[in-house]
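Chemist: Need a 3D model of the following:
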Amino acid sequence: MKTTVLIILYLFISLIGFSQQGGWEKFYNNNGAMRAQDIKPTSDGGYIMTGFSNPTNTLDGQDILLMKIDGDGNFEWSKNFNPGGSTEYGWSLIETFDQEFALVGSASSPLTSSTDGYFILTDEHGNVKNQWFIGDSQTNFLTDIIQLPTDSSFVACGEWGDRPCIVRMDKYGDTLFTKIYPEVLGRFNALEYSPEDQTICLAGISVPLQKAGLVAKIDVDGNVIWLHEYIGGGFEELYDLTIFDDRIFTVGRSRALDPNQSAEYHLRTLDLTTGDTEYVTGYGFSNSFVFQSVTVGQMLNLITSGTKINTFGLSVESIFSTKINLDGEIIWDKLFGGNELWSGYGYGVCNAHDYGYVLSGQAATPSGIVYVYVIKIDENGSVVSTNSFPFLPEISLYPNPCSEVLHIQLGTFESEKRITVFNNAGQEVYNLTTLDNEMQINEVGFWSTGVYLVHVEVEGHKVVRKVVVE
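Modeler: This is a model prediction of the structure:
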């Protein structure tokens, strides 16, 4: 079944012809520490990310970040959310079947001193449509989200108090039910829908006596089909999983019982029907080794992303990616970042719109600036071009939709700006070069109804925004 889906995906990619061959590295910052915890491809050929943005430049988390880039890594827009007024994190997101965005994370509860799970549903521009705190007086958070093809409802997983949990919401975000699994101490870190048998598989961490890998299979109503804890020889932690045919592939790390010994980052492969382990493959030892994310690539290989000490240069962390065949054998592994300029941490991975892959995380300079770091690699793990650290040009367009006048407001830039507007046929309908940071387009009333792209170029960077003319 997945082979058929991949063939259809290939045909779709061939038809739309995104200009993404090769690879690139991009760095994004808007004054403060930033991290991209998760990244997903979008239907318009770009990518959407969530994580956090902290204007105080610390890594403790502050605002939930939602950021959109195009297929070449050019910044389009970003949104910050701080619903609880304190420390917030965005952990995972998806593009919905309606081409909107749903993300989950954690936020400080407005009613108690605890942390609650948090759900946000936005439109295609990142404007909030609905948002909910999910939890009680205990510490709760949501770590991953999927949308079910059967009824478009959402299922999120995470931790409720000190127990794994799932929450199912309708397509508007209203909670249908919450399931807490009291037989296990721990949390779910990731989940994925299995179309072969219409079930949901989850991976995470349990704490029977010491940390153990936790994998469960449930039906769409949250009833457990099976649940297994994998202790092995030490502390096992599972951070992500993916499903292909009749197998579940989980990634994470396994720590020795002796805290002075290094941890092993590894892949655990399970039978989809029973949850029985087929094999566990280790890929090295270090306290900095950890696989955070895994996906099935379009060439039917596993692509992982994580963090590893760069032992070939300075002893600093690098984003570490591996390409593994379905039998657990490494085809290649690559390090990104971690040179004398900056260290890198890998958190997310997804398939690119061509046959490459996109990795997300953060990069820190010696001066302490922390950037969102995104890398697009080709099928061989190569990056073709890089760019310097850019500042994100902020842009506000309103009203949107509009009918007569469109207002454009930028940040404080003393340099020249170029504004160009294209209709949905790619024809230029407006352009302006100005030193002003606030301007308005009065000709909108003469334009046909439809979607327009507003290009703003300033200080060598370009932001593209969509505007609907009614």
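Chemist: Settle this for me: Gly361 is touching Val349, isn't it.
Modeler: No - with contact defined as CB atoms under 8 Å, Gly361 does not reach Val349; the gap is 9.5 Å. From N, CA and C alone the C-beta is placed, and that goes for glycine too.
Chemist: anything in contact with each of these two?
Modeler: Common contacts of Gly361 and Val349 (CB atoms under 8 Å, 6 or more residues apart in numbering): Ser305.
Chemist: what bridges to the nearest residue to Phe154 once chain neighbours are set aside?
Modeler: Leaving aside its sequence neighbours, Phe154 sits nearest to Met169 (CB to CB, 6 or more residues apart in numbering; 4.5 Å). Beta-bridge partners for Met169, by DSSP bridges, are Phe154, Thr175.
Chemist: what do you get for Ala364?
Modeler: With DSSP bridges applied, Ala364 shows beta-bridge pairing to Ser343, Val370.
Chemist: what about it, how many neighbours?
Modeler: By other CB atoms under 10 Å, 20 other residues sit near Ala364.
Chemist: Please apply the same query to Ala216.
Modeler: Neighbourhood size, Ala216 [other CB under 10 Å]: 24.
Chemist: so it makes contact with Glu229?
Modeler: No - the pair Ala216 / Glu229 is not scored as a contact, 9.6 Å apart, by CB under 8 Å.
Chemist: phi, psi of Val444?
Modeler: Dihedral pair for Val444: phi -60, psi -30, per degrees, to the nearest 10.
Chemist: For it, which residues are in contact?
Modeler: Taking CB under 8 Å, 6+ apart, one finds 402-406, 469 in contact with Val444.
Chemist: ok, back up a step: just list the residues touching the residue nearest to Phe154, thanks.
Modeler: 119, 153-156, 175-176.
Chemist: on that earlier part again, any idea which of the contacts of Val444 is closest to Phe320?
Modeler: Leu406 (44.9 Å; CB to CB).
Chemist: The closest one reaches Leu397, doesn't it?
Modeler: Yes - if you go by CB under 8 Å, Leu406 and Leu397 touch, sitting 6.4 Å apart.
Chemist: who has more neighbours, those two?
Modeler: Ranked by neighbour count (other CB under 10 Å), Leu406 and Leu397 place Leu406 first, with 24 against 18.
Chemist: Could you tell me how many residues sit around Lys417?
Modeler: 20.
Chemist: quick one: which helix or strand includes the closest residue in space to Phe336 that isn't next to it in sequence?
Modeler: Spatial nearest neighbour of Phe336, chain neighbours left out: Ile319 (4.4 Å); criterion: CB to CB, 6+ apart. Take DSSP states H and E as the rule and Ile319 turns out to sit in strand 317-324.
Chemist: buried set for the following helix or strand past that strand?
Modeler: Next helix or strand after strand 317-324 toward the C-terminus (DSSP H and E): strand 330-336. For strand 330-336, burial by neighbour count (16 or more other CB atoms under 10 Å) applies to 334-336.
Chemist: what's the closest of those to Phe97?
Modeler: Comparing those against Phe97 with CB to CB places Phe336 closest, at 32.7 Å.
Chemist: can you pull the contacts of the closest one?
Modeler: Residues near Phe336 by CB under 8 Å, 6+ apart: 25, 318-321, 344, 346, 359, 375, 383.
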